[in-house]
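Colleague: Pasting a predicted model and its sequence here:
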Amino acid sequence: MAPDSPDWRESPVRGRLYSLGVTDDRGNYGFRSESVEDPQELRKIADFRRRIRQIPLLLESWQKLSDSERLADSQLALDDEFTAWRHLSSGVNYSLNFASDNLRMLHQIHREDAADPLPFVASYPLARSALEAGALAHWVLAPDDPRERVARHLRNAARELFEETSLRNYAFELADEAPDLIGISRSKLSEQRRQLTAWRKKHSGQIAECASRIGITSPVGGRRVGFADIVGDATEAAGLARWHGVLVWMQISGLTHPSLMRAVSTLAMTEERDNSDGTVNVLMTSTTDTVSSAVIAAVIQFRQALTVLRTRKQTSGDRADYRR
């Protein structure tokens, strides 16, 4: 697929003008379809589609695992006991449901009998979301040390608390600028601010209480964990090079956003016409290697998370290990 758009000026270093596709009579919501004829690229597409056949099987495994009962004294049960205000398993389950929904859509648009052409960039937001969610679940569950599992869960809770508080504070700033526009009084805004302060204090206190149960400092206010850390650690836990997971995550993050520079450096471009004035028209298309790497990384994290979750549900734990 190639999008129609105005000409974009490249940096002076290259001094070229790129037109990302051209409008044609066929139309297709601003895109045009291009058939893939290169034998090597066709083999890559076939290999990629074979790989994503495992997604429905993984989703079925997740359904069975989520429905299965855990041992009463399992590691996961004890993890929940020590994070009683917000069970560790609740965060893991949400992450895996989040990942599975994105993987389901990736399979749907890339399966062999899909009616529509391969997407231009729509795969990247889905792959990034699936990768982050699967990696988060895997990252929390991976350590054999239960104190580290709880600590990671609390670090993620602190990150979420910061982001949610930032969103609500920004909303209050906007409301302060134009209270009449949104139909709210100053007194009501003040009341809601007090409620936000109390809400944050409650969650912060609960995180601190959980941290004290295992003898660590509350992560609230400390260095916030980010998804580069999470994906990197989870990649290592999967037995792969840390840099590979981080690199894939960074690459598809740029492709998830409308970054022309990332697109020019990553996607495939075919010169269609030299305008003899220092500019060319090019056809920009997605690349199978990039899509495949992103989806495979997401699948690996999801599969690893399921494997370790099964272990945590079926293996007995020891409360003493949480208080060392």
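Modeller: Right, received. Where do you want to start?
Colleague: I'd assumed residue 83 was in contact with residue 154.
Modeller: Yes. Counting by C-beta atoms under 8 Å, residue 154 touches residue 83, with 7.4 Å between them. In short, each C-beta sits where N, CA and C put it, glycine included.
Colleague: what touches both of those two?
Modeller: residue 210 (C-beta atoms under 8 Å, 6 or more residues apart in numbering).
Colleague: how about the helices of the stretch 1-150 of the chain, start to end?
Modeller: 39-51, 54-67, 75-82, 88-110, 123-141, 146-177 (DSSP state H, counting those that start in this stretch).
Colleague: closest to residue 281 out of those?
Modeller: helix 39-51 (21.4 Å; C-beta to C-beta).
Colleague: The closest one - what's its average pLDDT?
Modeller: For helix 39-51, the mean per-residue pLDDT is 82.
Colleague: Stretch 131-144 now?
Modeller: Across stretch 131-144, the average pLDDT comes to 98.
Colleague: returning to that earlier point: residue 184: which of the helices of the stretch 1-150 of the chain is closest?
Modeller: Nearest of these (C-beta to C-beta): helix 146-177, 6.2 Å.
Colleague: Can you list the low-confidence ranges for the stretch 51-200 of the chain?
Modeller: Across the stretch 51-200 of the chain, the ranges flagged by pLDDT under 70 are 114-117.
Colleague: circling back to that earlier point, could you say which of the helices of the stretch 1-150 of the chain is packed most deeply?
Modeller: helix 123-141 (a mean of 26; mean count of other C-beta atoms under 10 Å).
Colleague: Between helix 88-110 and that helix, find me the angle.
Modeller: 150 degrees (axes from the mean of the first three to the mean of the last three C-alpha atoms, to 10 degrees).
Colleague: Does anything pack onto helix 123-141? Which helices or strands?
Modeller: Contacts defined by 3 or more C-beta pairs under 8 Å, 6 or more residues apart in numbering; DSSP states H and E place helix 123-141 against helix 88-110, helix 146-177, helix 227-237, helix 242-256, helix 288-314.
Colleague: Throw those helices into JSON lines and include distance to residue 184, thanks.
Modeller: JSON lines is the format used below for the helices and strands packed on helix 123-141 (distance: least, C-beta to C-beta, whole Å):
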{"stretch": "helix 88-110", "distance to residue 184": "31"}
{"stretch": "helix 146-177", "distance to residue 184": "6"}
{"stretch": "helix 227-237", "distance to residue 184": "35"}
{"stretch": "helix 242-256", "distance to residue 184": "34"}
{"stretch": "helix 288-314", "distance to residue 184": "42"}
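Colleague: For residue 263, find the nearest of these.
Modeller: helix 242-256 (6.9 Å).
Colleague: Against which helices or strands is that closest one packed?
Modeller: Going by 3+ C-beta pairs under 8 Å, 6+ apart, helix 242-256 lies up against helix 123-141, helix 227-237, helix 260-266, helix 288-314.
Colleague: contacting residues for the residue lying closest to residue 227 once chain neighbours are set aside?
Modeller: Using C-beta to C-beta, 6 or more residues apart in numbering and skipping residues adjacent in sequence, the residue nearest residue 227 is residue 132, 5.2 Å away. With contact set as C-beta under 8 Å, 6+ apart, residue 132 has these partners: 227, 230-231, 249.
Colleague: 10 Å instead, please
Modeller: 95, 98-99, 102, 227, 230-231, 234, 249, 252-253, 298, 301 (C-beta atoms under 10 Å, 6 or more residues apart in numbering).
Colleague: Looking at the residues you listed, spot the one nearest residue 55.
Modeller: The nearest one, if we look at the contacts of residue 132 relative to residue 55 and count by C-beta to C-beta, is residue 298, at 9.4 Å.
Colleague: how many other residues sit next to that closest one?
Modeller: For residue 298, the neighbour count with other C-beta atoms under 10 Å is 28.
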